[in-house]
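In: got a structure for you, letters missing:
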């Protein structure tokens, strides 16, 4: 089990200099906390913790190294200035595909429209450009491939040795499917690849600050600033 400690306190500068945070008791810690290392510092990897009023949370360790992050969600319990996170099960991110048959042709033709999953229901989906759409033989070798255009569209004519198809793009979850027997049009919506979920039952033990989070893991220290409401 991974064990973490987090303090959310005021007077961060003095607290860090002394090695001890000046903590206060909190009735509610709800908010979004994002790692910071001071003004003007660009982070290539960091941590984000969201605490909600219904005592649930989401946590992610994000990185520019696509797919290397960690993420999860669950419930938290707050007692005084102590916060405990308990991670629950996370459903794996999967591509959503719809397919419709095309009119009979002398050769099999596959049409694709590849889109990125919108973060909210209100945001429009965008096309994924240069997604690799590949046909694989029984051993997994690529026997034919094309790339999606600026509208996320592509046409693939699979060879007779094709057994399954894949669609992948950097930063997104890969889609795989057995090759259909006839001409087919696919519309794919790919979610982003957030990395590896924390295992169910993982616990993080924390202490809190008013506007800033100090996360401790062994000798390492990380600061997460609370976003303005």
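Out: Everything's here; your move. Computed from a prediction, not measured in an experiment: that's the story for all the values here.
In: ok, what's across the strand from the nearest residue to residue 156 once chain neighbours are set aside?
Out: In space, and not counting its chain neighbours, residue 156 is closest to residue 110: 4.5 Å by C-beta to C-beta, 6 or more residues apart in numbering. The C-beta positions use only the backbone N, C-alpha and C, and glycine is treated the same way. Following DSSP bridges, residue 110 is listed with bridge partners residue 156, residue 184.
In: and the residue nearest the centre of the chain, which of the three is it?
Out: For the chain, residue 194 is the residue whose C-alpha lies nearest the centre (C-alpha atoms, centre = their mean; 2.6 Å). Secondary structure, DSSP: H, G, I helix; E, B strand; the rest coil: residue 194 is coil.
In: now do the same contact list for the nearest residue to it once chain neighbours are set aside.
Out: Counting by C-beta to C-beta, 6+ apart, residue 71 is the residue found nearest to residue 194 once chain neighbours are left out, at 4.7 Å. Contacts for residue 71 (C-beta atoms under 8 Å, 6 or more residues apart in numbering) come out as 58, 59, 60, 61, 90, 194, 195, 196, 197, 198.
In: buried stuff in the longest strand belonging to the chain?
Out: When the chain is parsed with DSSP state E, its longest strand is strand 70-79. Across strand 70-79, burial judged by 16 or more other C-beta atoms under 10 Å covers 70, 71, 72, 73, 74, 76, 78.
In: same question, stretch 97-109
Out: 108, 109.
In: which residues sit against that stretch?
Out: 111, 155-158, 175, 177, 180-189.
In: please spell out the ChimeraX selection for the buried subset of these.
Out: Of those, the buried ones can be selected in ChimeraX as follows, counting by 16+ other C-beta under 10 Å:
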select :111,156,158,175,180,183,184,186,188,189
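In: for residue 40, helix, strand, or coil?
Out: Under three-state DSSP, residue 40 comes out as coil.
In: give the burial count for it, as a bare number.
Out: 5 (other C-beta atoms under 10 Å).
In: who are the contact partners of it?
Out: Applying C-beta under 8 Å, 6+ apart, no residues qualify as near residue 40.
In: then residue 189?
Out: 95, 96, 97, 115, 116, 117, 125.
In: same thing with residue 191?
Out: 93, 94, 95, 117, 172, 173.
In: let's see 7 Å
Out: 93, 95, 117, 172, 173 (C-beta atoms under 7 Å, 6 or more residues apart in numbering).
In: same deal with residue 142?
Out: Counted by C-beta under 7 Å, 6+ apart, residue 142 has contacts 134, 136.
In: dihedrals phi and psi, the residue located most distally from the centre of the chain?
Out: Distance from the centre of the chain peaks at residue 106, with 42.0 Å (C-alpha atoms, centre = their mean). Torsion angles at residue 106 (phi, psi; degrees, to the nearest 10) stand at phi -70, psi -30.
In: what about it, distance to residue 112?
Out: Separation of residue 106 from residue 112 (C-beta to C-beta, to the nearest Å) stands at 20 Å.
In: likewise residue 136?
Out: 15 Å.
In: how long is stretch 50-57 end to end?
Out: Terminal residues of stretch 50-57 lie 5 Å apart, using C-alpha to C-alpha, to the nearest Å.
In: pLDDT on it, on average?
Out: For stretch 50-57, the mean pLDDT works out to 85.
In: buried sites along it?
Out: 50, 51, 57.
In: tell me which entries of those residues lie within strands.
Out: 50, 51, 57.
In: tell me what the first one is bridged to.
Out: Okay, so that is residue 50. Going by DSSP bridges, residue 50 forms beta bridges with residue 32, residue 58.
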